[in-house]
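S.K.: dropping a prediction and its sequence here:
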Amino acid sequence: MILIVDDKQENLLSLQSLLTLHSYAVDTATGGEEALKKVLKNNYALVILDVQMPGMDGFEVAETISGHSKMRDVPIIFLSAVNLDKKFITRGYNSGAIDYITKPVDPDVFLLKVNTLYKLYDQKRQLNQMQTSLRSEIEFRRHAQQESYEKAMELRFVLESIPQIAFTTRPNGTVEYHNSQWMDYSSYTERFPETHPDDPDLEPEMKRIVNGDKAVELEVRIKKLTGTDFRYHLLRIVPVTENKSIIKWVGTFTDIEEQKQVQRKKDEFLSVASHELKTPLTSIKGYVQLLERSIDAKSQSHMFIDRALTQVTKLDRLIVDLLDISRIENGKMLLNKEPFSFGEMLSSTIEMARQTYPNYQFHQDGAAAVEVNGDVIRLEQVLVNFLSNAVKYSPNVREIHVISRMLPGNRLLLQVKDSGIGIAEVDQKLIFEKFYRTDESTRNFQGLGLGLYICADILSRHQCEYGVESNEGSGSVFYFIIPFTKTL
Ligand code: ADP
């Protein structure tokens, strides 16, 4: 909008109509004071100011406007009929005018000037806006930079104060920072601590880890530069993301040598204990079986001996599991792999289950007529485990389905499906771990939590995928996918 200031109504009107005719929005004031009030209140692109006015003259108005921060940038054109003298013109420019027009006004020249100044004002305003937004952008970035610097310092402070070896890497896995503990194990920032000859090298391991996007845990043995003994450490590496992309990785090495030793001692104890228990138990079982055969099948004593035999069998299975665990732990569970008919093994195992659990119904769906190269006894052990779990954890609905399906790539899917208590999602990932049992099974069912751990070991050594699908309260499907050599 343009403000015209003149004490004479006729001048105001003629200029106003000229500008309005050319589509300018126009406001008017008849004196210096009124003009100042309006300039303070509104935003004008241009002020056209008559020099000679009663009261506050044009020069004073212009001086006040140019001295005021809000109005400083508004261009002013002076209009004067009389003050043609050079010194008046100079005063006009000094008081903040941009141009000086003498009356009578030539409308074409006047419009040209107004147009140019109007455009100039507009460009200046846009420039100002741009400058303001650039300034706030710069300020924002500076702030963000400061914030991320502070965060990095905070992280370093935390990493420095913990007893573990700690480090951060760039997204490509090269070390960016490490705490002082690092230097006890490596002489260089870029070099990861040397690992035991039987453990993986950390440089290639790190490259592999940063190719993924998940946190990783790894047990490795490393030793101090000044020491001779390698100690077990848990290396834990976690990605740090910003806007969904990884900006760095944070890692720690925690000394777990003592836990490892306790675990080793416990494993040794289990191994010795189960070996020592196995021999006398085998002879107890033999004698009880002899006794059972020598006593009248209908007598009460026979019933007692039968019960004793059931308990001895349970104990025997438990000890066999414990022995398997110590074999797995010591890498001594040897597999005797040779080609066998999977279908035959499956049918005979199901038949055995029918006899062992006469109150349950076992439905076989699929013949699994394939030849597998594997340890038939160990794979049967997996099936027996899946089946006996299906029985144990389905006290109410006594129907169990064993389903086998061919998959592309010469693979066979085997599922054992029950309608029992099911397994909560949080437990599903954990039940294949050693000694893991769900709260519900700990409360209501006997067991040690070893069977699935042994199954997992056997299956992974047969290159099988395995797992469980379940909904708590409505049954479970335990499955594995095994490669086969040919169909039969
Ligand atoms: P155990 O049965 O001796 O506890 P397992 O290793 O065979 O040991 O099983 C581990 C845990 O997995 C069990 O304690 C139980 O919580 C859960 N589980 C296994 N099979 C089933 C199943 N069919 N239905 C529900 N829970 C199961």
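M.R.: That came through fine.
S.K.: model confidence for the residue of the stretch 201-350 of the chain found nearest the ligand, exactly?
M.R.: Going by CB to the nearest ligand atom, the ligand is nearest to D321 of the stretch 201-350 of the chain, at 8.1 Å. Quick note: C-beta positions are derived from backbone N, CA and C, even for glycine. Looking at D321, its pLDDT stands at 90.
S.K.: C-terminal to the helix or strand containing F167, what's the next element?
M.R.: Secondary structure from DSSP states H and E places F167 in strand 165-169. Scanning forward in sequence from strand 165-169 by DSSP H and E, the next helix or strand is strand 175-178.
S.K.: pull that next one out as PDB, backbone CA atoms only.
M.R.: The C-alpha coordinates for strand 175-178 follow below in PDB (Å, rounded to 0.1, in the frame of the first residue of the first chain):
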ATOM      1  CA  VAL A 175      36.900 -47.300  15.200                       C
ATOM      2  CA  GLU A 176      36.100 -43.600  15.900                       C
ATOM      3  CA  TYR A 177      36.600 -43.500  19.600                       C
ATOM      4  CA  HIS A 178      37.500 -45.800  22.500                       C
END
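S.K.: list the contacts of it.
M.R.: If you take CB atoms under 8 Å, 6 or more residues apart in numbering as the criterion, strand 175-178 is touched by 156, 159, 165-170, 189-192, 248.
S.K.: max pairwise distance over the residues you listed: which two?
M.R.: Pairwise distances across the contacts of strand 175-178 (CB to CB) peak at 19.7 Å, for the pair R156 and R191.
S.K.: and the strands in the stretch 151-300 of the chain, which stretches?
M.R.: Secondary structure of the stretch 151-300 of the chain (DSSP state E, counting those that start in this stretch): strands at 165-169, 175-178, 216-222, 231-242, 245-255.
S.K.: dump the residue contacts of the closest residue to N359 other than its chain neighbours.
M.R.: Take N359 and drop its neighbours on the chain: the residue closest to it by CB to CB, 6 or more residues apart in numbering is R398, 5.9 Å away. Applying CB under 8 Å, 6+ apart, we find R398 in contact with 359-361.
S.K.: who wins for most neighbours among these?
M.R.: Among the contacts of R398, Y360 has the most neighbours (other CB atoms under 10 Å), with 17 neighbours.
S.K.: what sits against that one?
M.R.: Residues in contact with Y360 (CB under 8 Å, 6+ apart) are 353-354, 391, 394, 398-400.
S.K.: and the residue nearest to it when sequence neighbours are not counted, backbone torsions?
M.R.: Closest residue to Y360 apart from its sequence neighbours, by CB to CB, 6+ apart: R398 at 4.6 Å. Backbone torsions for R398, taken as degrees, to the nearest 10, come to phi -100, psi 40.
S.K.: for R398, give me the pLDDT.
M.R.: For R398, pLDDT reads 94.
S.K.: how close does it sit to the ligand?
M.R.: Per CB to the nearest ligand atom, to the nearest Å, R398 is found 13 Å from the ligand.
S.K.: cool, and Y24?
M.R.: Distance of Y24 to the ligand, computed by CB to the nearest ligand atom: 84 Å.
S.K.: and for G422?
M.R.: Remark: distance between G422 and the ligand (CB to the nearest ligand atom) = 6 Å.
S.K.: helix/strand/coil for that residue?
M.R.: With DSSP: H, G, I helix; E, B strand; the rest coil as the basis, the three-state label of G422 is coil.
S.K.: I'd say it and V477 touch.
M.R.: No: taking contacts as CB atoms under 8 Å, G422 lies outside contact range of V477: 10.0 Å.
S.K.: what parts of the stretch 201-350 of the chain come near the ligand?
M.R.: By CB under 6 Å from any ligand atom, no residue of the stretch 201-350 of the chain approaches the ligand.
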